[in-house]
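> Pasting the sequence and the predicted model now:
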Amino acid sequence: MDNENSNSITPETGERTSCKSEGRFSPNAIAELDEIITHYPNKKAAMLPALWIAQREYGGYLTREAIREVARLLGRPKAEVEGVATFYSMYNFKPKGKHHLEVCTCLTCGCVGAYGVVHKLEEMLGIHLGETTSDGEFTLSEVECLDWCEAGTVIQVGNKYFGHVTKDNVEMVLEQLRESDDHTSPSLADDIVKILLPKGEPKSKVE
Amino acid sequence: MPDIEWVYIKINGIALKVPKGEMIIESAKRIGVEIPFFCYHPRLSMKEGGANCRMCLVEVASRMPDGSLRKMPKPQTSCSLPAAEGMEIETDTEALNADRRGVLEFLLINHPLDCPICDRGGECPLQNNTMHYGPPTTRFIEEKRHFPKAYPLSQYVVFDRERCIHCARCTRFTRDISGDEELNFLWRGADMEVATFDHTEYNSRFSGNVIELCPVGALLSRPYRFKARPWDLQSAKSICTQCSNGCNIKLDYRLDRIHRVNARLNEDVNEEWTCDKGKFGMDYISDESRLKTPMIRRNGELSPASWEEVLYLIASELKNAEGEVAGVGGAYSSNEDIYVFQKFMRETLRSKHIDHRMGPNFQSYNSGLLKRFGCPAMGNPIAELEDMKSTLIFGSNFVDEQPILYLRVRKGWRFKRNKVVEAAPQGLISEEIRHVTQFAEVSLNYKNGTELPLAQGLLAALFEDKGRPLGEQKLLSHLSGKNVAQCASETGVDEKDIRKAAELLATDKMCIFAGEYVTHSPDATAILEVLGDIAVLTGNAGNLNVPVSRNNEQGAMELGILPDMLPGYVEEQNPGMNTEEILSACVKEDLKALWVMNTDLVKEYHNSDLANSAMDACPFVVVTALAITDTAAKANVVLPVHSVAEKWGTFTNVERRVQAFCKAFEISPDIHAEWKVFSDLSSMLGSPMTYADGKDILNEIVKSVPTFAKCGPNTLGDEGVILNPVAGGKE
């Protein structure tokens, strides 16, 4: 449970946390959202794209301010936006490492040694599944089938797939990633927003 | 009313006729067939989150076009299964029992077995359904999921997440009924939990209802937690005293202590809801501060005395003061108390100086209303509000002033497409307070104090619309020659918004609410005239509602605690003094005695300086009270009187509905009913009143006040009766 730590509010005081939105949506992001909303019957229906924009604008994960801002922009209750966001597993609520390694441990990959890869990675990075290295470079997760079974074991890092990974060659994956400047979570969010926009950018482009 | 289309169905072989489209779970109730359920609730929408508990499964066979029966291969949830012609339903088969056992086994996987210490134990649907349909054992040997127990959601509600079965009743309530949309599901699957956004406080005016809605012991009342077992409690039918809406409630008590308040069903008033003010505000009844003996001021200090002593003192003082005595208050007393009070003042003491009104600028508007609409009250019954096509809420902090009316108006918007126009002063509408603004079609946010020009603007906009018949000269004179643009600039509201609002209001089913920003305004009479014109112009004459706010304020008006009106709005030829004049007369020492009837005058009267100096200057002040209030502390004599829980009586609510409340317990034999005090004194002063109980008095009211003709103690029933219209009626 990600949110256990926020259980410390004291309702006796009746105080609510500040409701000021940080407003980190750039003018371009707002233009993108305005454009996306026109593709749906109502603002509520545009919630998932809005959350993707928020995930990008807030640096790869959704803070409560991000949720608050989405709620305000869509005119929806905050609890509803939070409920939707937590339902889906690809929205993050904690900062992820610069490179987010998602190892498939489903049936096929599992048969060809996915857990060997996982254990090797854990050993090399000094973390367990679900954790992030202390330098913030890598996050390691296991995921279900990535639909590239013939190339098992498969690791997904944002929009990149690494196939035929074994515990012996997994070091190469890490080396390749260390050279890359790509920040997985925000750039993945950006890619998804681009897919959601018909031509990759809003009609009313902000200069 | 459109004709209902009926269909014939069979449930467990019994043929019955039901409206087409009725949910089968409701049809089964008609013939007493019980279908177990958790998440179903007739007042909550089935869309988005309904039919999730899967407990109400039934087997269905549908009639095919060729007349043959085809059985659906899988059981269906009867809460979302609309009745159709020829359907045959089985609710009690071996297969269904196995299904229900399975559902319950799943629900009990994570549900802790702490029933012995659970507040819901004994009245818990999960317990009851497990008893009837559940498996006796569990096959789950893994660890149940754990959360901190009793997580406080708000001042009133604690939440035990381990017990939650995710039926979504509470989340749907916040969306469909209360409108604050504070609760929602987080996460999914086995991790799912109900929560507010970011675990902030559950901020709602109606949060107490989710405690009653919860089918398990997950949402619990904080004040009631661990206080009693439900089977140890007795229950008395009562009426909430926290505002004028008159919600029907049950007082659950043990000995002389109120433990909790639950709603009592009344389709015409509160349906089955209460607001938090009512649900958690009734504990004053058994509060430690209750006064249990009369008090007399001796050597400047209030000290206990016997009833004989105080009544003798009051009688001797009032005998000297005949004609120079006045009475204020009464808006919190029962109809019976009020009636005997005004009779005591008018007949025994020969004084016309009685008034219950505490706000500013009341003198003119309610007599104005009286002349025009028959009585200062609501023009529409509460139940009618949900069927309006448009509603104007003018100058009112509606959810605080009239919580139950707010729920009705919102219900009309949510389920029946009622369009709402809100006009509220700037500063009242804020993004964070979830009230009418959340669902208003148009919000007119006017400069403070510009109610009159705004109302005129709306009227002018309706006038300029050529499609509507132009009224007489009188209507034009109320506009004082203004046009929409002038009104818009005066009020700071966009002219387009005023026109849009006027357009929305031009329907054949429209009603108007005028709130405290109207009734407390110096222009109250003029504003109400203009709002009345809007109602007339749209063909909705009489749909102007000026709801009162205090518990039995309506009753005080109906039964003549007014200087110029006798009971039943019979005009008094030589009016007495109103509250302001009474208090001023006290200051000038023109009055010998003042009776304050169960009202904290110095707090409630809008000019507390005047009230204070009046209390100080008047030589003899009697206060009837439940506890020593600021007012009682200044009195010469304080008399302890019954609260709503200690006597039988009736209140008149905001829609003029007379409703009875029942006696629950007695706190002390030295606390008397208010009417008893007046009748005892009257007898001592030589005009005997012989009432045996409250019902006696109500019978006398029924006989002597025509508006109360239908309100006899035996005809009130559980739902109450709306008063007859005032003779001389509406325009």
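Happy to help now that I have it.

> Just give the nearest non-adjacent residue to residue 40, would you?
With no chain named, the answer covers chain A. A:A46 (4.7 Å; Cβ to Cβ, 6 or more residues apart in numbering or on different chains). (Glycine included, C-beta is placed from N, CA and C.)

> That was the other one, I meant chain B.
Per Cβ to Cβ, 6+ apart, closest to B:Y40 is B:C79, 3.8 Å.

> Would you mind measuring from the one you found to chain A?
According to Cβ to the nearest Cβ, to the nearest Å, B:C79 stands 22 Å off from chain A.

> what's around that residue, how many residues?
Neighbour count of B:C79, defined by other Cβ atoms under 10 Å in any protein chain shown: 26.

> That one against B:A51, yeah?
Yes. Taking Cβ atoms under 8 Å as the definition, B:C79 is a contact partner of B:A51 at 5.6 Å.

> Wait, the residue nearest to A:Y40 touches A:I36, no?
Yes. In terms of Cβ under 8 Å, A:A46 counts as a neighbour of A:I36; the distance is 5.4 Å.

> Would you mind identifying the next helix or strand past the helix or strand of chain B with the lowest mean pLDDT?
Lowest mean confidence among the helices and strands of chain B (mean pLDDT, DSSP states H and E): helix B:362-373, at a mean of 60. Following helix B:362-373 in sequence order, the next helix or strand is strand B:390-394 (DSSP states H and E).

> strands paired with that following strand, and their directions?
strand B:419-425 (parallel), strand B:510-514 (parallel) (DSSP bridges).

> could you dump the ones you listed to CSV with mean pLDDT and mean neighbour count?
Listed next are these as CSV, based on pLDDT from 0 to 100; neighbours: other Cβ atoms under 10 Å in any protein chain shown:
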stretch, mean pLDDT, mean neighbour count
strand B:419-425, 91, 24
strand B:510-514, 92, 27
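
> which residues touch the most centrally placed residue in chain B?
The centroid of chain B falls nearest to B:N245 when counting by Cα atoms, centre = their mean (3.2 Å). Neighbouring residues of B:N245 by Cβ atoms under 8 Å, 6 or more residues apart in numbering or on different chains: B:269-270, B:382, B:402-405, B:653-654.

> What residues are recorded as beta-bridge partners of B:N545?
B:F513.

> Give me the neighbour count for it.
B:N545 is flanked by 28 other residues according to other Cβ under 10 Å.

> can you tell me how far it sits from chain A?
29 Å.

> how far away is B:W307 from B:T624?
To B:T624, B:W307 is 13 Å away according to Cβ to Cβ, to the nearest Å.

> So these two - more neighbours on which side?
Neighbour count, other Cβ under 10 Å: between B:W307 and B:T624, B:T624 has more, with 28 against 17.

> How is that one assigned, secondary-structure-wise?
Three-state assignment for B:T624 (DSSP: H, G, I helix; E, B strand; the rest coil): strand.

> ok, residue 159 - how many residues close by?
Looking at chain A here, since you left the chain open. With other Cβ under 10 Å as criterion, A:N159 counts 12.

> To clarify, I was referring to chain B.
Residues lying near B:F159 (other Cβ under 10 Å) number 27.

> do the same with A:A85
A:A85: 22 surrounding residues under other Cβ under 10 Å.

> My guess is B:N270 contacts B:I404. True?
Yes. In this structure, B:N270 is within contact of B:I404 by Cβ under 8 Å, at 5.0 Å.
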